[in-house]
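Undergrad: Here's a sequence, model it:
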Amino acid sequence: MNRSTLLPLLLLSLTVACSRRLESTSLGLQYEPPSGMALRAEEPGPPAVTRFEGGLELRSVQGKPPALGAPPEEVLGAAGLPVPGNPVKATQGTLPAGPVARYEFQQGGSRTLVYFLPLPERFVLVLYTAPERDYGPGSARVERSLSTLKPTR
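TA: All right, here's what the predicted structure looks like:
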């Protein structure tokens with residue numbers, strides 16, 4: 001093989017080897033977390049939970065999801081989670097995976113971002129918690145990564 005043929009093959013193999021894409025059968029999702037947020041643990045559940053470094057967590061909760069416009073207390077309660085502080089903001093929008101609700105909470109010196117994605121027969125929560133000083137840049141990276149979130153069932 002000559003050098004001009006070898007270089008593209010080498011670059012392709014490095015790209016594949018360095019991929020951070022998560023394909024989880026227990027979550028029923030494909031997702032590529034932001035760089036620096038490596039996979040720490042995956043629990044099959046129920047509910048299925050995947051934790052990443054840096055305060056990022058994904059949950060897939062079986063059962064009929066709450067309505068998209070439900071208050072955050074109802075959504076988090078349906079997942080067996082406490083409300084992570086005082087509500088700061090609640091909005092709705094759309095990701096490539098579908099319509100979502102977005103909530104922000106503040107407690108002490110930390111903030112939590114929650115995305116709620118209702119799906120048929122289940123719902124997905126994306127949670128990101130960080131100290132106030134790290135929250136802005138970290139939440140922006142998490143939100144950009146949500147374009148890679150894809151249900152597989």
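
Undergrad: can you give me the strands for the chain?
TA: 22-24, 29-31, 39-43, 48-52, 56-62, 86-95, 98-107, 110-119, 122-131, 150-151 (DSSP state E).

Undergrad: can you redo those as CSV with mean pLDDT?
TA: Shown next, in CSV, are the strands of the chain (pLDDT from 0 to 100):
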stretch, mean pLDDT
strand 22-24, 84
strand 29-31, 94
strand 39-43, 94
strand 48-52, 96
strand 56-62, 97
strand 86-95, 96
strand 98-107, 98
strand 110-119, 98
strand 122-131, 97
strand 150-151, 96
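
Undergrad: got these as CSV, with distance to Ala140 columns?
TA: Where you see a C-beta, it was placed from the backbone N, CA and C, and this is true even at glycine. Shown next, in CSV, are the strands of the chain (distance: least, Cβ to Cβ, whole Å):
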stretch, distance to Ala140
strand 22-24, 20
strand 29-31, 17
strand 39-43, 21
strand 48-52, 16
strand 56-62, 13
strand 86-95, 15
strand 98-107, 13
strand 110-119, 10
strand 122-131, 10
strand 150-151, 21
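
Undergrad: now the ones you listed as TSV including distance to Ala79 and mean neighbour count?
TA: Converted to TSV, the strands of the chain look like this (distance: least, Cβ to Cβ, whole Å; neighbours: other Cβ atoms under 10 Å):
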stretch	distance to Ala79	mean neighbour count
strand 22-24	17	15
strand 29-31	15	21
strand 39-43	14	13
strand 48-52	10	21
strand 56-62	5	21
strand 86-95	16	12
strand 98-107	12	18
strand 110-119	9	22
strand 122-131	6	21
strand 150-151	16	16
